[in-house]
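J.: Sequence plus the predicted model coming up.
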Amino acid sequence: MSSISNVENFSPQIIRRVAKEMQELVSHPPEGIRVIINDEDVTDIQAVIEGPAGTPYADGHFRVKLALGKDFPQGPPKAFFLTKIFHPNVAKNGEICVNTLKKDWKSDLGIKHILLTVKCLLIVPNAESALNEEAGKMLLEKYDDYSERAKMMTEIHAQGGGKGSKVGIESCASSAIGGPLPKKHASDKKITAEKKKMLRDKKRTLKRL
């Protein structure tokens, strides 16, 4: 579906509401969240969420997308991680399962609320509504193993050495979405030969998983 036809699915009032919310998020971004503006399609809502400190996702940059349905805001949008992540509430295709986007949805909830909810999910996963059953089981029964797997996936896909995060980090540094990041995020850390070898070994390990 082209961006133009997607915009045409919504009334001018909804387009204005979404555009206003996105501009507010650019002007006053929540901590650890950067939205990415698509000038051609305001309904293409993407953001980069920093992995919260103290979690297996720390130091990662995770790109997420909200897909607005024709019934928005009466119906909730769908949310997806575009960056690969190992998490109980994220399916293999990246779809996010959270009550805010299901039975707890209210039409006056905004984009900021959804993005903050997704960030909270990185801090407090919910094993009871697992879309990734393996991750949910590990979270409940073998937390250390779950944490190690999640860290490994974060290091490979959401940090400087991973393909998934590079677009997000570059986009975050754009002045169009709130100015450059601090230096430690704006440029990839120098990866030594040893680190590269370790990443290659981890990628091979992941392929076997």
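T.: All right, it came through fine.
J.: Check which helix or strand Asn49 maps to.
T.: Asn isn't right for residue 49; it's Ile. Ile49 is located in strand 44-50, with elements delineated by DSSP states H and E.
J.: Report the next helix or strand after that strand in sequence order.
T.: strand 61-67.
J.: Can you mark which positions in that next one are buried?
T.: For strand 61-67, the buried set under the neighbour-count rule, 16 or more other CB atoms under 10 Å, comprises His61, Phe62, Arg63, Val64, Lys65, Leu66. Where you see a C-beta, it was placed from the backbone N, CA and C, and this is true even at glycine.
J.: what residues does stretch 112-128 touch?
T.: With CB atoms under 8 Å, 6 or more residues apart in numbering as the contact definition, stretch 112-128 has outside contacts at 21, 24-25, 30, 32-33, 35, 47, 49, 51-52, 54-55, 57, 62, 64, 66, 77, 79, 87-89, 96, 98, 100-101, 135-137, 139-140.
J.: How far away from the center of its chain is that stretch?
T.: Counting by CA atoms, centre = their mean, to the nearest Å, stretch 112-128 is centred 10 Å from the centre of its parent chain.
J.: burial measure for Lys78, as a count.
T.: For Lys78, the tally of surrounding residues (other CB atoms under 10 Å) stands at 13.
J.: distance of Thr66 from Pro77?
T.: Thr isn't right for residue 66; it's Leu. Leu66 sits 5 Å away from Pro77 when distances are taken as CB to CB, to the nearest Å.
J.: and for the two, which residues touch both?
T.: Overlap of the contact sets of Leu66 and Pro77 (by CB under 8 Å, 6+ apart) consists of Ile45, Ile114.
J.: Below-threshold pLDDT in this protein: ranges please.
T.: 1-5, 161-209 (pLDDT under 70).
J.: And stretch 31-49, what's buried?
T.: In stretch 31-49, residues buried by neighbour count (16+ other CB under 10 Å) are 32-37, 42-49.
J.: for it, the distance to its chain's centre please.
T.: Relative to its parent chain, stretch 31-49 has a centroid offset of 11 Å by CA atoms, centre = their mean.
J.: got the contact list for Ile14?
T.: By CB under 8 Å, 6+ apart, the residues touching Ile14 are Phe72, Pro73.
J.: ditto for Ser107
T.: For Ser107, the contacting residues are Pro73, Gln74, by CB under 8 Å, 6+ apart.
J.: Helix or strand: which one has Leu116?
T.: With DSSP H and E as criterion, Leu116 is part of helix 111-123.
J.: how about that helix: buried residues?
T.: Judged by neighbour count (16+ other CB under 10 Å), helix 111-123 contains these buried residues: Ile111, Lys112, Ile114, Leu115, Leu116, Thr117, Val118, Lys119, Leu121, Leu122.
J.: With stretch 135-143 instead?
T.: By neighbour count with 16+ other CB under 10 Å, stretch 135-143 contains the buried residues Ala135, Gly136, Met138, Leu139.
J.: now Pro73: how far from Asn93?
T.: Between Pro73 and Asn93 the distance, using CB to CB, works out to 24 Å.
J.: Return the residues in contact with the residue nearest in space to the middle of the chain.
T.: The structure's the chain has its C-alpha centroid closest to Val64; by CA atoms, centre = their mean the separation is 3.2 Å. For Val64, the contacting residues are Gln46, Ala47, Val48, Ile49, Ala79, Phe80, Phe81, Leu82, Thr83, Ile96, Leu115, Val118, taking CB under 8 Å, 6+ apart as the criterion.
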